[in-house]
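Student: got a structure for you, letters missing:
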């Protein structure tokens, strides 16, 4: 249901100087919404994500799945920013750009004369987004970080795992993707603001901030009570919102609101428990509810419980593997994934996620497959007025 309407960011040009996961995911989300995005990478090596993923052959070709995941809809230019000629080319690109996103160490771009204060002299309407582990100020501003480091320092890992066990990292790099979404939202907001003010903006996006926001209600409770949260595994605060063994697997139940609680226990033939539906009742009688659920859940398969719960409008689902989740008809119907039949330098079809939402028209869409390192260098530099001979000279000097 994307229709033929223009997408929100058509006509917007983004310079993408990001690497690994968080930054490229930010620009990818803007690119699927129509932004012309130029990915700028170091000659020879490029984004380290090109060398990461599940297929070593792709990694060696600098087309690893870590890069392919969020490389679509981007043009690829190589540029050595340590060379003054490379910096001058970037400045020429900045003159015609709307947004620049970078995720180098704090202060690194400014040290090259490419910080926000430098580039806004060239383009006062430029929106400049810096993504770092800890932000641009504070005692850790110059410290590097990755998703796992932020999960550790933020306390996120301390809330994950089983009672009495060690802290556990989430399986997926959730902080990277939360940071990418946070930055994409900030850039979108700044573009909207610019329509009103006519001025550019500097955005300071920190992975630690994004991780803390992921735990918003947890932080509020900790600040109020003074008691840090402890891991509970799948045995959550309320019995109706916990996991239970069934005949053939584990089911996560989501019965919390009063109406859901009453419908569940009424359908299970326990009017006595259905009457205890308030949050206070659920807290006070948690073990009674849990014991009854542990017993009854063993009487059916997880699939049977899913059908039963759907019939009484109570949330619940069998715990699935990622592979099983990808086979769900619901996932297939939502156009969440895009399949490329042919990607240069990739020897078979490729499927990637697009966006976590849809528009009735003019919504997120993948148009072009991920490109090889520097695939668009000649074209982009040609658009700046450089001749083929000049480009060849720059390539000979490893500037591009």
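Tutor: Everything's here; your move. Here the structure is a predicted model, which is why all the values come from computation and not from measurement. Residues are numbered from 1 along each chain as shown.

Student: where exactly do the helices run in the stretch 1-150 of the chain?
Tutor: Using DSSP state H, counting those that start in this stretch, the helices of the stretch 1-150 of the chain run over 22-31, 56-60, 65-68, 84-95, 108-111, 116-119, 147-153.

Student: actually the stretch 151-300 of the chain, not the one I wrote
Tutor: Under DSSP H, counting those that start in this stretch, the stretch 151-300 of the chain gives helices at 174-197, 207-214, 216-225, 258-267, 271-274, 279-284, 286-297.

Student: what about the residue of the chain most remote from its centre, distance to residue 313?
Tutor: Distance from the centre of the chain peaks at residue 272, with 44.5 Å (Cα atoms, centre = their mean). Using Cβ to Cβ, to the nearest Å, one gets 21 Å for the distance from residue 272 to residue 313. Where you see a C-beta, it was placed from the backbone N, CA and C, and this is true even at glycine.

Student: related to what we said a few turns ago, let me have the helices of the stretch 1-150 of the chain in JSON lines, extended by mean pLDDT and mean neighbour count.
Tutor: Converted to JSON lines, the helices of the stretch 1-150 of the chain look like this (pLDDT from 0 to 100; neighbours: other Cβ atoms under 10 Å):
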{"stretch": "helix 22-31", "mean pLDDT": "98", "mean neighbour count": "28"}
{"stretch": "helix 56-60", "mean pLDDT": "96", "mean neighbour count": "14"}
{"stretch": "helix 65-68", "mean pLDDT": "98", "mean neighbour count": "23"}
{"stretch": "helix 84-95", "mean pLDDT": "98", "mean neighbour count": "17"}
{"stretch": "helix 108-111", "mean pLDDT": "97", "mean neighbour count": "16"}
{"stretch": "helix 116-119", "mean pLDDT": "98", "mean neighbour count": "18"}
{"stretch": "helix 147-153", "mean pLDDT": "98", "mean neighbour count": "20"}
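
Student: could these go into a markdown table alongside distance to residue 246?
Tutor: Shown next, in a markdown table, are the helices of the stretch 1-150 of the chain (distance: least, Cβ to Cβ, whole Å):
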| stretch | distance to residue 246 |
| --- | --- |
| helix 22-31 | 36 |
| helix 56-60 | 39 |
| helix 65-68 | 34 |
| helix 84-95 | 57 |
| helix 108-111 | 53 |
| helix 116-119 | 55 |
| helix 147-153 | 31 |
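
Student: out of these, nearest to residue 179?
Tutor: helix 22-31 (4.1 Å; Cβ to Cβ).

Student: packing partners of that closest one?
Tutor: Secondary-structure packing of helix 22-31 (3 or more Cβ pairs under 8 Å, 6 or more residues apart in numbering; DSSP states H and E): strand 13-17, strand 36-41, strand 74-78, strand 99-102, strand 127-132, helix 174-197.

Student: about what we covered before: which of the helices of the stretch 151-300 of the chain sits closest to residue 135?
Tutor: Comparing the helices of the stretch 151-300 of the chain under Cβ to Cβ, the one sitting nearest is helix 207-214, at 6.6 Å.

Student: tell me what angle the closest one forms with helix 216-225.
Tutor: With axes from the mean of the first three to the mean of the last three Cα atoms, to 10 degrees defining the directions, helix 207-214 sits at 80 degrees from helix 216-225.

Student: and helix 207-214, which residues are buried?
Tutor: Within helix 207-214, the residues that count as buried by 16 or more other Cβ atoms under 10 Å are 207, 208, 209, 210, 211, 212, 214.
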